[in-house]
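need a 3D model of the sequence below.
(one chain, ligands or ions: 1)
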Amino acid sequence: MRYLSTRGFATGEQGSSGPTFTEILLGGLAPDGGLYLPQTYPKIDGDELARWRHLSYADLAHEVLRRFIDDIPPADLQALLARTYTADVYCNGRVAADAQAIAPLRWLERPDSRQGEGGLAILELSNGPTLAFKDMAMQLLGQLFEYALTRQGEEINILGATSGDTGSAAEYAMRGKSGVRVFMLSPHQRMSAFQRAQMYSLQDANIHNIAVRGMFDDAQDIVKAVSNDHAFKARYKIGAVNSINWARVAAQVVYYFKGYFAATEGADGDDLPPVAFAVPSGNFGNICAGHIARMMGLPIGRLVLATNENDVLDEFFRTGIYRPRTTGETVATSSPSMDISKASNFERFIFDLVGRDPAVVRELWAKVDAGGAFDLSGTPFLDRLPAFGFASGSSTHADRLTTIRDTYAKYGLMIDTHTADGLKVGRALRTPAMPMVVLETALPAKFEDTLVEALGRRPERPARMRGIEDLPQRVAVMDASVEAVKAFIEEHAR
Ligand SMILES: *Cc1c(COP(=O)(O)O)cnc(C)c1O
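Next comes the predicted model:
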């Protein structure tokens, strides 16, 4: 399997050769500013689907991922996946610690074929180390980085900025990994006490937390400035693990298969009924994996994209207009991990929508990268949109509170604010007879304040998270200065 860039590597000439999986693993953007995608999507037929139905999560991951990764020997890949997807890592977030299954499906309303009811379910993706779905892919990234760096005898210094979920998922994935150091910037005193404790209590020598006196945007700007210093970047082998990383998207494809099998448990033999998935979305990484699973032949009847008040993606799927917002137009909401101004993975989907023509993508993103918008209404591309199975909607703070209350009252289940956005929109767009699976993207313990606002009580915490605010913390506090951060890296990156 070779990879291409959505921008055609600047020439429009993809050719048959292109980088392999391991060659793009440690990089971010393609050199031409585009995003990497496989040259073709592997196709999975009904027989294979029937065989995959009862595999363990690690074995299912192997079946899916070996189609995208052909430059790691299969036995190594299998061993690496078996090390990654263990009950020990992925089942410890559950308060009740009942299930041993990774990514279990929880029915809110069971299917009832006599009533023509497909059922409503939540796919639990947040039982990993940091209580958010990002662990599903990030833990694998940690294993892949260590494997590739050891084989190449290299090292990497991962530099990132976080307002919460991504940074902690990256740190828990990379802690103790040889060849990898993490420098994670966060806004000083602007994260919740729980989020601070989650990150700053890590004592691993290869994890460096840097709290900058400023806002998230200041931290982000420092990361950009350091990465734009090409000499510094090369000397210190600066890398990233942001949401455009292809390996993260690929790893996320696996749980759509898992969710599909669980939601169609009763289906016999070669019967492959369609299933709908509702996905709380920000940077379009999670739902992009659903799109790819569908392109591979998984019978996904509908991909329901849910946004919060920052509805740039909902607007596109309703109107054909993609209009990234400015920082000033982006509002801080109670589902903060979806507070995005532009969706960094969206270019991958548009590439497929425009018939994989990199010239069209270049033209559209020339507008986006210049701070503008594009409008596909009235173009033939928009006529193709229905064939991709998307539907969309948005959700507000009031919707989140109502959905959290309603879900607790009706099903006795506490859900987090992002999952509530997904459930609200998924419910509104249900079609009879088709199961609707809402992807859970975080546990409510991560967003206590809004849960208290909705229910008047605190969500339960997994046992190992109780009292983490009292643990000793390790963090360097500094001014929002590029030079200060560089000096810190110089001092610790050897
Ligand atoms: C990252 C995140 C999202 C958004 O996922 P994308 O892949 O960026 O669309 C939604 N919910 C939570 C809790 C997250 O951490």
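
near the ligand, which residues of the chain?
With C-beta under 6 Å from any ligand atom as the criterion, the chain comes near the ligand at residues 132, 134, 165, 243, 280-286, 337-338, 418, 441-442. Where C-beta positions appear, they are placed from N, C-alpha and C, glycine not excepted.

please report how far the residue of the chain positioned farthest from its centre lies from the ligand.
With distances taken from the mean C-alpha point of the chain and given as C-alpha atoms, centre = their mean, the most distant residue is residue 114, at 36.5 Å. Per C-beta to the nearest ligand atom, to the nearest Å, residue 114 is found 36 Å from the ligand.

let's verify that residue: helix, strand, or coil?
Three-state secondary structure (criterion: DSSP: H, G, I helix; E, B strand; the rest coil) places residue 114 in helix.

going forward can the numbers begin at 868, since that is how I track them
Right, with 868 as the first residue, what we last looked at is residue 981.

neighbours around residue 907, how many?
For residue 907, the tally of surrounding residues (other C-beta atoms under 10 Å) stands at 11.

residues contacting it?
Applying C-beta atoms under 8 Å, 6 or more residues apart in numbering to residue 907 gives no contacts.

phi, psi of it?
Recorded main-chain torsions at residue 907 are phi -140, psi 160, according to degrees, to the nearest 10.

which regions of the protein sit below the pLDDT cut-off?
When the per-residue scores of the chain are filtered using pLDDT under 70, the ranges that remain are 877-883, 959-967, 1135-1136.

confirm that residue 1027 sits in a strand.
Yes - counting by three-state DSSP, residue 1027 falls inside a strand.

surely it touches residue 1038?
No - contact between residue 1027 and residue 1038 fails when scored by C-beta atoms under 8 Å: they sit 9.3 Å apart.

residue 973 belongs to a strand?
Yes - assigned with three-state DSSP, residue 973 falls within a strand.

from the ligand, how far off is it?
Relative to the ligand, residue 973 is positioned 17 Å away (criterion: C-beta to the nearest ligand atom).

now residue 948
21 Å.

next, the buried residues of the helix or strand hosting that residue.
Here residue 948 sits within helix 941-951, counting by DSSP states H and E. Of all the residues in helix 941-951, those buried under the rule 16 or more other C-beta atoms under 10 Å are 944-945, 947-948, 951.

what do you get for stretch 1101-1117?
Neighbour-count burial for stretch 1101-1117, with 16+ other C-beta under 10 Å as criterion, is recorded at 1103-1117.

list just the nearest of those residues to the ligand.
Closest approach to the ligand among the buried residues of stretch 1101-1117 (C-beta to the nearest ligand atom): residue 1110, at 5.3 Å.

is the closest one in contact with residue 1212, as I believe?
Yes - under the criterion of C-beta under 8 Å, residue 1110 lies in contact with residue 1212, with a separation of 6.2 Å.

need the overlap of contacts for these two.
With the criterion set as C-beta under 8 Å, 6+ apart, the overlap between the contacts of residue 1110 and residue 1212 is 1150, 1152.

what's the nearest residue to residue 1082 if we skip its chain neighbours?
residue 1054 (5.3 Å; C-beta to C-beta, 6 or more residues apart in numbering).

ugh, wrong one, residue 895
Nearest one to residue 895, counting by C-beta to C-beta, 6+ apart, is residue 1107 at 4.9 Å.

look through the stretch 868-1017 of the chain and state the residue closest to the ligand.
Across the stretch 868-1017 of the chain, no residue is closer to the ligand than residue 999, which sits at 4.5 Å (C-beta to the nearest ligand atom).

now do the contacts for that residue.
By C-beta under 8 Å, 6+ apart, the residues touching residue 999 are 993, 1032, 1035-1036, 1204, 1308-1310, 1313.

can you pull up the bridge partners for it?
In this structure, residue 999 has the following beta-bridge partners (DSSP bridges): residue 1309.

list the contacts of the residue nearest to residue 895.
Taking C-beta under 8 Å, 6+ apart as the definition, contacts of residue 1107 comprise 895, 1025-1027, 1090, 1094.

residue 1097 too?
Taking C-beta under 8 Å, 6+ apart as the contact definition, residue 1097 lies against nothing.

at 10 Å instead, please
residue 1105 (C-beta atoms under 10 Å, 6 or more residues apart in numbering).

and of the contacts of residue 1107, the nearest to the ligand?
Top of the list for closeness to the ligand, among those and by C-beta to the nearest ligand atom, is residue 1027 at 13.3 Å.

I'd say that closest one and residue 1005 touch.
No - between residue 1027 and residue 1005 there is no contact, the gap being 11.4 Å when judged by C-beta atoms under 10 Å.

next, show the common contact partners of these two.
Listed as contacting both residue 1027 and residue 1005 by C-beta under 10 Å, 6+ apart are 1033, 1037-1038, 1108.

could those go into JSON lines alongside secondary structure and distance to residue 986?
Below are the shared contacts of residue 1027 and residue 1005 laid out as JSON lines (DSSP: H, G, I helix; E, B strand; the rest coil; distance: C-beta to C-beta, whole Å):
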{"residue": "1033", "secondary structure": "helix", "distance to residue 986": "32"}
{"residue": "1037", "secondary structure": "helix", "distance to residue 986": "35"}
{"residue": "1038", "secondary structure": "helix", "distance to residue 986": "37"}
{"residue": "1108", "secondary structure": "coil", "distance to residue 986": "36"}
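
top of the residues you listed by neighbour count?
residue 1108 (29 neighbours).

if I pick the residue nearest to that residue when sequence neighbours are not counted, what's in contact with it?
The shortest distance from residue 1108 to any residue other than its chain neighbours is 5.0 Å, reached at residue 1037 (C-beta to C-beta, 6+ apart). Counting by C-beta under 10 Å, 6+ apart, residue 1037 touches 997, 1001, 1005, 1008-1009, 1025, 1027, 1029, 1047, 1049, 1051, 1066, 1074, 1107-1109.

again with residue 1202
The contact partners of residue 1202, by C-beta under 10 Å, 6+ apart, come to 1147, 1149, 1173-1177, 1262-1264, 1267, 1283-1289, 1308-1309, 1314, 1317.
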